[in-house]
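Trainee: From the sequence below, what's the structure:
(2 chains)
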Amino acid sequence: MMYFLNGGGGLLSFDTGFAIWVLISMLVFIWGMGKYAVPHIVKALDDREKRIKQSLESAEQALAKAEKISKENEKAMREAEVKAQQIRKEAIEEAELLRADRIEKAREEASKVLQDAKDAIEQEKQRALIELRHEVADLAVKAASIIIDSELDKDKNQKIVEKYISNLSKN
Amino acid sequence: MQIILRRFFLFLLILSFYSPGLVAADETNESNGSPIDVMGKVLDHDYIEVAGKKIYLPRIFLAGGQFYFYANTESALASGDFIVENERIMRADGPSVTIDFSITSHLMYVWFGILLTFFITWLAARRYRNGLGSETEPRGVWQNLFEVFFVFIRDDIAKEYIPGDKYHKYVNYLFSIFMAISFMNLFGLFPWGVSPTADLTVTATLAAMTFFITQFSGTKDHWEHVFMFPGVHPLVRIILTPVEIIGLFTKPFALAIRLFANMLSGKIMIVAILGLIFIFTDMFGAYIGVGSGIVWVALTALLYVLKAFIALLQAYIFTLLSAVFIGMAAEEHHHDEHDSSVARTANVNV
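Mentor: Residues are numbered from 1 along each chain as shown, chains lettered A, B, ... in the order given. This next block holds a predicted model:
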């Protein structure tokens, strides 16, 4: 068979003319790919990857920021709560103190009023007693004088009766 | 399942009415000598077959320091300038053809492969340039499929095996040869198609390109390791240096042979297994020949699946090994701090 008539290589032979064609074709092909096709794709893919990377990073940053803010908020809230509790506690304590104070004062006042009343009663009692004593003496004298008007000396009798009554009151 | 069974039995029924004797009689009358021409399917031709018709391709000869152009072989012979002698084309007045620049079927398929690759990549590039894929996500099956291959070559081959930022330069080459070799391999699966990669000349040329790119991207360090071997006893260098120098050439040689042998073997297998139909017809008669055809066709269908896989696999291996060789040559070792650190800072600045 006339293999070599066909041009190109045999099964295991290397054909120079064919190789030159292939080489030229491949060089033009790779040059064309490198000029018109591949760089655009590489650039587009790189751009896209960069953009995705950037947006991921910025999202991460935003997330971190939000987390930080929320943490700060939480901390502030907790602090505020603690403060509020403290204020409340203080208020309660103060109120307690105030109440105790007032009760004490009221008690004192009441006891004072009581004492005053007692004193007044005592005074009245004394005065009443004295008055009563005078009244009783007068009555006794009057009575006695009515009884023994004529017989006895009024002054002498008065003395005796008064002496008796004062002894009586002492007992 | 029922439909499949029904179709299968229908197929058998048709087959039983089909009379192979008549058809086979025609076949045997037509072919003279061997029932099937395996080599003819494998070798390069001066024509391409389209739907069973042969289209003859131009012949270009460099003979005796002069170029000759003919529309096809027939017109070359008819012109009287060229004759056939000892199965070779010769100039009628003596000198043999120095270089045969003829357009052959393999060359046509090389061109189909690279044109298809370029066309697809150019279309994709136009899409990306219009912002589809760069500003938005890639849309559609084709763009996504394209991107799968492209990103695979860029990230899993170029970036993986070529160190540092140097890989940018080689993405174009690696992607181009990967796609072109894939298409060239896959063309062999078409009914009248031919795999130009089943031709040693094509694979050798491709491997030579990888070889030259590898050598030109070799760092000072790489050459030092090939010739000098820092830290090795001088006497050992006598053995190691030739080994390394041979190694430079065996790598692309292996590349060429691997791709060539894989593609050629698949093709021969398919032609040979289908050829068994004709051989059986010759040996045992038409009925057995065509009857056993079911087995051979089923086997061929299986082989087709395997071949389609191997077509992509071999393109991948060729590209991968090219990247590995380039990466090995372009690698900067750690012991020369000065060069690499300068190079690295330069890259960072860029």
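Trainee: what's the burial count for residue 57?
Mentor: Looking at chain A here, since you left the chain open. 10 (other Cβ atoms under 10 Å in any protein chain shown). In short, each C-beta sits where N, CA and C put it, glycine included.
Trainee: My question was about chain B, not that one.
Mentor: Neighbour number of residue B:57 under other Cβ under 10 Å is 21.
Trainee: Go ahead and confirm it touches residue B:46.
Mentor: Yes. Applying Cβ atoms under 8 Å, one finds residue B:57 in contact with residue B:46, separated by 5.7 Å.
Trainee: ok, residues contacting stretch B:313-332?
Mentor: B:153, B:157-158, B:160-164, B:166, B:170, B:173-174, B:177-179, B:181-182, B:185, B:197, B:206, B:210, B:213-215, B:217-219, B:221-222, B:251-252, B:254-255, B:258-259, B:262-263, B:339-340, B:343 (Cβ atoms under 8 Å, 6 or more residues apart in numbering or on different chains).
Trainee: what does stretch B:158-172 give?
Mentor: Counting by Cβ under 8 Å, 6+ apart, A:30, A:33-34, A:38-39, A:42, B:153-154, B:174, B:213, B:217, B:320, B:323-324, B:326-327, B:330-332, B:343-344, B:347, B:350 sit against stretch B:158-172.
Trainee: Between residue B:57 and residue B:46, which contacts overlap?
Mentor: Common neighbours of residue B:57 and residue B:46 (Cβ under 8 Å, 6+ apart) are B:72, B:102, B:104-105.
Trainee: Of those residues, grab the buried ones for ChimeraX.
Mentor: Remark: buried members of the shared contacts of residue B:57 and residue B:46, expressed as a ChimeraX selection using 16 or more other Cβ atoms under 10 Å in any protein chain shown:
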select /B:72,102,104,105
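Trainee: The shared contacts of residue B:57 and residue B:46 in strands, which ones?
Mentor: If you go by DSSP state E, those have nothing in strands.
Trainee: can you tell me which helix in the chain is longest?
Mentor: In the absence of a named chain, chain A is used. helix A:38-147 (DSSP state H).
Trainee: my bad, the chain I had in mind was chain B
Mentor: Assignment by DSSP H; longest helix in chain B turns out to be helix B:234-284.
Trainee: Now do that helix, average pLDDT.
Mentor: Averaging pLDDT along helix B:234-284 gives 86.
Trainee: Packing partners of that helix?
Mentor: Contact analysis of helix B:234-284 by 3 or more Cβ pairs under 8 Å, 6 or more residues apart in numbering or on different chains; DSSP states H and E lists helix B:20-30, helix B:38-42, helix B:200-216, helix B:220-227, helix B:286-291, helix B:293-330 as its packing neighbours.
Trainee: ok now that helix, how far from the chain's centre?
Mentor: 13 Å (Cα atoms, centre = their mean, to the nearest Å).
Trainee: before we move on, what about stretch A:70-78?
Mentor: Here stretch A:70-78 shows a centroid-to-chain-centroid distance of 15 Å under the convention Cα atoms, centre = their mean.
Trainee: what does stretch A:28-35 give?
Mentor: 77 Å.
Trainee: With stretch B:217-229 instead?
Mentor: For stretch B:217-229 - counting by Cα atoms, centre = their mean - the centre lies 31 Å from the chain centre.
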